[in-house]
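K.L.:
Sequence and predicted structure, then a few things I'm wondering about:
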Amino acid sequence: MNFLHILEVSGYYEKPVPFKESNITFINDEEKPVKPPEMYRCQHPKHIILRKDRRFKYNINEMYVMKWKIDVEDIENAPISSLIPAPPLIICKHCYKYETENQNT
């Protein structure tokens, strides 16, 4: 998945929540909802560094979702680039542990 890198993005990823509680739906090319895949690839940017075993795909029920939250107070005067949301990250349980340990510090 390609991400758009913008310098003036205002926001952050919220705390990870289990996939079942995230209410994320998958859609196909016709924009119709489909059931989620059984296995999914971890999208955490540091997954390769954290996991040396080179395993990328995990059971979707064991994964967590980090949603993007826009942090803009004055929406009317904000630049358009700061209002563009980033897609949610679906991360594995190992990256979830890393995120929860780093957010507490």
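P.N.:
Thanks, I have the structure now.

K.L.:
what's in contact with the lengthiest helix in the chain?
P.N.:
Counting residues, the longest helix found in the chain (DSSP state H) is helix 93-103. Contact with helix 93-103 is made by 15-16, 42, 44, 46-47, 50-51, 58, 62-64, 66, 91, as judged by Cβ atoms under 8 Å, 6 or more residues apart in numbering. All C-beta atoms are positioned from the backbone trio N, CA, C, and that covers glycine.

K.L.:
what sits against the most far-flung residue of the chain relative to its centre?
P.N.:
Within the chain, Asn77 marks the point farthest from the mean C-alpha position, 27.1 Å out by Cα atoms, centre = their mean. By Cβ under 8 Å, 6+ apart, no residues touch Asn77.

K.L.:
so when I look at it, I'm seeing a strand, right?
P.N.:
No - if the criterion is DSSP: H, G, I helix; E, B strand; the rest coil, then Asn77 is coil and not within a strand.

K.L.:
Torsion angles phi and psi at the residue most central in space within the chain?
P.N.:
For the chain, the residue sitting closest to the mean C-alpha position, by Cα atoms, centre = their mean, is Leu89 at 1.3 Å. Taking degrees, to the nearest 10, you get phi -100, psi 130 for the backbone angles of Leu89.
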